[in-house]
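S.K.: Need the 3D shape of this:
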Amino acid sequence: MGSDLHAEDIAISVKNGVVTLAGFTPSYTDRLEAETAAKRVAGVHAVANDIEVRLPAIHQRPDPDIARDAVAALKAELPISHDRIKVIVKDGWITIGGAVEWQYQKTAADAAVRKVKGVKGVTNVITVKPKVQPSEIKRKIQEAFKRSAEVDADRITVEANGSEVILKGTVRSWIEREEAERVAWSAPGITKVEDRIVVSP
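M.R.: The predicted structure follows:
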C-alpha cells in the first residue's frame, strides 16, 4: 500500500485466489493504488474492488466542472484525436466513450481523465477501430517495396481489397518472392496476403 493509503479504512478478504477490497479511500488514485497492490500479491487470480471513493468536502466539485476539466485534459493528452471521445460525468464518476484508431489513445484518454480533480471513478467504454483505406495500404506496401534492397518494386503490382492484399508480377528468385510477401504483411491493418507472384529467373 502506498504511503497515502490508510489501511484501516480498507477491509481485505481473500478466498480461493479472489481478493475483495471494501471500505473507503479519499481519492480515485488511492482506490486504484489499492487495486494495483492487491493484483501484485502472489496467488491472486481476480480482484473485486468494492472500495468507495469518499472525497473530502474540500475536493468535491460539481459535475459540469469535472466535465470541463476532463475535456481539457483529453485535449492536452490527445491533441489530434480528442474530438472522437465523448465525456459523461455523473456524481463525480466519468464515463469516456467513442471510437479511436489505436489502443494507446484509449489508454492515454483513461490516464488523462483519471487525474482530474474531484473524480470518483472512470469507466472507459472507448472502442478501438483501426481505419486503414485500401488505397493507403497499397501505397504503404509500394513504398516499402521501394525501400527494400531485395525487391524490384517495378515488377510487382499490389491490389488491395479491404484489408486483403493480392500481389502479382514476376520476380527473379524465391527469396525476392518471399521478401515481397513479408513486406506486404508488415503494412498496418492487413488481414490476408495472397501471393500470386511468379518466379522467373
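S.K.: Endpoint to endpoint, stretch 47-65 covers what distance?
M.R.: Stretch 47-65 has an end-to-end distance of 31 Å (CA to CA, to the nearest Å).
S.K.: er, stretch 105-121 I mean
M.R.: Start-to-end, stretch 105-121 (CA to CA) is 19 Å.
S.K.: Quick one: residues in contact with it.
M.R.: Stretch 105-121 has contacts (CB atoms under 8 Å, 6 or more residues apart in numbering) with 28-29, 31-32, 53, 55, 59-61, 65-66, 69-70, 73-74, 76-78, 81-82, 85, 87, 91-94, 96, 100, 122, 124, 126, 128. Where C-beta positions appear, they are placed from N, C-alpha and C, glycine not excepted.
S.K.: May I have the beta-bridge partners of Ser13?
M.R.: Note on Ser13: beta-bridge partners Thr20, judged by DSSP bridges.
S.K.: what sits against Ala67?
M.R.: 87-89, 94.
S.K.: Now do the lowest-mean-pLDDT helix or strand in the chain: everything it contacts.
M.R.: Least confident helix or strand, the chain: strand 127-128 with a mean of 86, by mean pLDDT, DSSP states H and E. By CB under 8 Å, 6+ apart, the list of residues contacting strand 127-128 from outside reads 98-103, 105-106.
S.K.: What subset of these is buried?
M.R.: Buried subset of the contacts of strand 127-128 (neighbour count, 16 or more other CB atoms under 10 Å): 98, 100-101, 105-106.
S.K.: Looking at these, spot the one nearest Glu159.
M.R.: Glu101 (23.8 Å; CB to CB).
S.K.: Could you pull out the strands in this protein for me?
M.R.: 10-15, 18-25, 46-53, 85-90, 93-100, 121-124, 127-128, 156-161, 164-171, 192-195, 198-199 (DSSP state E).
S.K.: Could you quantify the relative orientation of the fifth one and strand 46-53 as an angle?
M.R.: In other words, strand 93-100. 130 degrees (axes from the mean of the first three to the mean of the last three CA atoms, to 10 degrees).
S.K.: Output strand 93-100 in PDB with nothing but the alpha carbons.
M.R.: What follows is strand 93-100, C-alpha atoms only, in PDB (Å, rounded to 0.1, in the frame of the first residue of the first chain):
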ATOM      1  CA  TRP A  93     -17.900   9.400 -12.000                       C
ATOM      2  CA  ILE A  94     -16.500   9.900 -15.500                       C
ATOM      3  CA  THR A  95     -17.500   7.700 -18.400                       C
ATOM      4  CA  ILE A  96     -15.400   8.100 -21.600                       C
ATOM      5  CA  GLY A  97     -16.800   6.700 -24.900                       C
ATOM      6  CA  GLY A  98     -16.400   7.000 -28.600                       C
ATOM      7  CA  ALA A  99     -14.100   5.300 -31.100                       C
ATOM      8  CA  VAL A 100     -10.300   5.700 -31.700                       C
END
